[in-house]
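[1] after the sequence you'll find the predicted model.
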Amino acid sequence: MLLEQAGEFILNKISNELPGNYFYHNADHTRDVYVAVENISRSEGIGGEDLTLLLTAAYYHDSGYLYTLNEHEAESCRIAAEYLPGFGYSPGQIDKICGMIKATRIPQTPHNKLEEILADADLDYLGRDDFFEIGDKFYHERGMSDRNTWNAIQVKFLEEHHYFTQTALNLRNAKKQENLAKVKALIP
């Protein structure tokens, strides 16, 4: 498996071909999820082939936005199945990667540890200091113009979301609750 080359390929594609109105779902988000996968995986004791598959899934998880807004996870799997064999990935490895990608669909439904890690990495920012900065990118991507409506959506999302891995629970949950309280305070 040629992880570095597979990642460079899809990051270039995302950087050069993604429509300009994707302020959140772009190459920066992909890199952010990749780093979160590295950190969570290390803490959860994941290595070897499993780590390579997870990192590949991080690279490809939102590539479907290149072609569609709806059902982008399925499109991301199609893209992975099309390109990853050229980087030395087997059909079985691609199936695992697609399982991880599908686990990021909201509401998240991971079925194993690797899927839990990618799901947590995808929403890692919810429990970080840059929550509002990143959330603002998503606000603009969705074409929103009413902050009160956006804040109500954020509250509902944060209240319904939960992390799956012990690492994310330990590292991100308290800050996520703090961010939730801050958003609630913004609603008149």
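    Structure's in. What do you need?
[2] what's near enough to touch Ala57?
    By Cβ atoms under 8 Å, 6 or more residues apart in numbering, the contact list for Ala57 reads Val37, Ala80, Ile97, Met100, Ile101, Leu114, Leu118. All C-beta atoms are positioned from the backbone trio N, CA, C, and that covers glycine.
[3] the fourth one: which element?
    If I follow you right, that is Met100. If you go by DSSP states H and E, Met100 is part of helix 91-102.
[4] list the buried ones in that helix?
    Gln93, Ile94, Lys96, Ile97, Cys98, Gly99, Met100, Ile101, Lys102 (16 or more other Cβ atoms under 10 Å).
[5] and the next element down the chain from it?
    Assigned by DSSP H and E, the successor of helix 91-102 is helix 113-122.
[6] chain center to the helix holding Met100: distance?
    Its chain's C-alpha centre and that of helix 91-102 lie 15 Å apart, by Cα atoms, centre = their mean, to the nearest Å.
[7] which one of the buried residues of helix 91-102 is nearest His29?
    His29 lies nearest to Ile101 out of those, by Cβ to Cβ, at 14.0 Å.
[8] these two touch, right, the closest one and Glu73?
    Yes. Between Ile101 and Glu73 there is a contact at 5.4 Å, judged by Cβ atoms under 8 Å.
[9] and for whichever helix in the chain runs longest, what are the contacting residues?
    In the chain, taking DSSP state H as the definition, the longest helix is helix 166-186. Helix 166-186 is contacted from outside by 39-40, 43-44, 120, 124, 126-129, 131-132, 147, 151, 154-155, 158-159, 161, 163, using Cβ under 8 Å, 6+ apart.
[10] hmm, try it at 10 Å
    36, 39-45, 116-117, 119-121, 123-129, 131-132, 135, 147-148, 150-155, 157-159, 161-163, 165 (Cβ atoms under 10 Å, 6 or more residues apart in numbering).
[11] apart from its chain neighbours, what residue comes closest to Asp122?
    Distance criterion Cβ to Cβ, 6 or more residues apart in numbering; nearest residue to Asp122, sequence neighbours excluded, is Thr104 at 4.6 Å.
[12] below-threshold pLDDT in this protein: ranges please.
    Applying pLDDT under 70 to the chain flags no residue at all.
[13] need the contact list for Gln108.
    Going by Cβ under 10 Å, 6+ apart, the list of residues near Gln108 reads Lys102, Glu115, Glu116, Leu118, Ala119, Asp120, Asp122, Leu123, His161, His162, Tyr163, Phe164.
[14] and it, how close does it get to Tyr67?
    When distance is defined by Cβ to Cβ, to the nearest Å, Gln108 is 22 Å away from Tyr67.
[15] Asn170 now?
    37 Å.
[16] and Phe23, by the same measure?
    Distance from Phe23 to Tyr67, by Cβ to Cβ: 18 Å.
[17] all set, thanks.
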